[in-house]
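**Student:** Build me a structure from this.
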Amino acid sequence: MSSGLLDLQPASEDPPRPRRRRRWLLWALVFLLVVMLAGAGAVYSVYARLTGNVRHIEVTREDLGDARPAKTATAAVNILVVGSDRREGPDAEAGERTDTIMLAHLSTARNEAVVVSFPRDSLVQLPACRARDGLPGQQGHLGMINSSFARGGIACTWKTVEKLTGIHIDHFVQMDFTGFKGMVDAIGGVDVYLPEPIHDEYVRLDLPKGWRTLNGEEALGYVRARYSLGDGTDIERIERQQDFVRAMAKKAMSGETLTDPTRLFGFLDAATKSVTTDPALTPGVMRDLAMTARGLTGDRIHFVTVPWRFSTAYRGRVEWLPQARTLFRSLAADEPLTAGDPATPDDAAGAKTGGTR
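**Tutor:** Numbers count the residues shown, from 1 in each chain. Here you go, the predicted structure:
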């Protein structure tokens, strides 16, 4: 039941169209970073410099409470992956917000992974969170899932996802989207195709139609833009971000980057400066996870979206279907997904606002 409080951020005028889409945003980038860092370990001074860039935030028992989901008696690992967007000025909400929340589940045998995406427009029952790090904290209420980050940071988001899913989370990885600028510039820009000109004063983007190599500043505006592109929905923006991350990862892993020490170091330096984890998720632990999962093939990595529907009571919002509970129970028990599992598969993309190459 709701506490009587209601928190609804402004929604788009028209509800988004449902689409089957791939959820590579952040996961591809996080996995890419771990693998490339593991390779950099051969040169200790470089590895030490890069891993020293990573920030850490401790999430305590006081933050999460005593009524946490039980940890299963397996070696499965659950990692909360959050994409944050630092904002400055009077329009900023507590200085930072998150538009991307995912939960990555790595099986005990390290032969299967499931990445669950939580739509930002999800209207859910949020738990109470304590104030910390200059943030006001949160009362229990019905609101947008990303409200927890603005009011209580990563600790509150961790608690929120555990409460909603019943899945015990082991670690978190937070990536700052503004770090895209340095990463994109380091690899010489990323090519995108624009089917129509973009004129967006909010993100300060003015680009002609056609193929263009976006620099860091342009790339940040491109992944943040919403109402000036496509149908103006957050769902469409997520698709565009996913495409861009895929294109950036492809270029970062290309011979053009890997054979250029200056370019490679610049990319990894910018990327690691954008990463925050819990203290227990050390670079060594990340490297070990990457090594144990090195045999994980693409067909064993499942990208799914929480089963949802459009809210009939709150325009522009989505609500989770009862089938979501079945998905969460399977992951909590480290059970493999089957063809009949009630989750939206993300292996088919919908219409695109633009493209990458």
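
**Student:** Low-confidence ranges, the stretch 201-350 of the chain, go.
**Tutor:** 231-235, 238, 242, 293-298, 338-350 (pLDDT under 70).

**Student:** can you do 80?
**Tutor:** Within the stretch 201-350 of the chain, the segments meeting pLDDT under 80 span 226-243, 245-246, 249, 253, 258, 283-284, 286-301, 303, 337-350.

**Student:** Enumerate the strands of it by residue range, in sequence order.
**Tutor:** 205-207, 210-214, 275-277, 301-305, 308-310, 318-320, 344-345 (DSSP state E, counting those that start in this stretch).

**Student:** and E335, which of those strands is closest to it?
**Tutor:** Closest to E335 of those, according to Cβ to Cβ: strand 301-305, at 12.5 Å. For the C-beta atoms, the positions are set from N, CA and C on the backbone; glycine is no exception.

**Student:** That closest one packs against which elements?
**Tutor:** Contact here means 3 or more Cβ pairs under 8 Å, 6 or more residues apart in numbering; DSSP states H and E; on that basis strand 301-305 packs against strand 113-118, strand 344-345.

**Student:** need the least confident one among those strands, by mean pLDDT.
**Tutor:** Mean pLDDT per stretch puts strand 344-345 lowest among those, at a mean of 50.

**Student:** returning to what we had before: so which of the strands of the stretch 201-350 of the chain comes closest to T60?
**Tutor:** strand 275-277 (15.1 Å).

**Student:** which neighbours does that closest one have in its sheet, and in what orientation?
**Tutor:** strand 55-56 (parallel), strand 171-176 (antiparallel) (DSSP bridges).

**Student:** Of these, flag the one that's most buried.
**Tutor:** strand 171-176 (a mean of 22; mean count of other Cβ atoms under 10 Å).

**Student:** Mind giving me the packing neighbours of the following helix or strand past that one?
**Tutor:** Downstream of strand 171-176, the first helix or strand assigned by DSSP states H and E is helix 180-186. If you count contacts as 3+ Cβ pairs under 8 Å, 6+ apart, helix 180-186 packs onto helix 216-224, helix 234-252, helix 261-272.

**Student:** let's go with 7 Å and repeat that
**Tutor:** helix 216-224, helix 261-272 (3 or more Cβ pairs under 7 Å, 6 or more residues apart in numbering; DSSP states H and E).

**Student:** Distance to D170 for those - can I get that in CSV?
**Tutor:** Shown next, in CSV, are the helices and strands packed on helix 180-186 (distance: least, Cβ to Cβ, whole Å):
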stretch, distance to D170
helix 216-224, 28
helix 261-272, 21
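
**Student:** could I get the strands paired with strand 275-277 as a markdown table with mean pLDDT and distance to G189?
**Tutor:** As requested, the strands paired with strand 275-277 are exported to a markdown table (pLDDT from 0 to 100; distance: least, Cβ to Cβ, whole Å):
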| stretch | mean pLDDT | distance to G189 |
| --- | --- | --- |
| strand 55-56 | 92 | 27 |
| strand 171-176 | 90 | 20 |
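
**Student:** hang on, P336 packs against E112?
**Tutor:** Yes. Between P336 and E112 a contact is recorded at 5.9 Å, counting by Cβ atoms under 7 Å.

**Student:** Give the residue from those two that has the larger number of neighbours.
**Tutor:** Neighbour count, other Cβ atoms under 10 Å: between P336 and E112, E112 has more, with 20 against 14.

**Student:** Let me know how buried the closest residue to L258 other than its chain neighbours is, in neighbour terms.
**Tutor:** Of all residues beyond its chain neighbours, the one nearest L258 is L264 (6.1 Å), with distances taken as Cβ to Cβ, 6 or more residues apart in numbering. Residues lying near L264 (other Cβ under 10 Å) number 20.

**Student:** before we move on, what about A70?
**Tutor:** Look at A70: counted by other Cβ under 10 Å, it has 8 neighbours.

**Student:** Would you check how far apart it and E162 are?
**Tutor:** Using Cβ to Cβ, to the nearest Å, A70 is found at 11 Å from E162.
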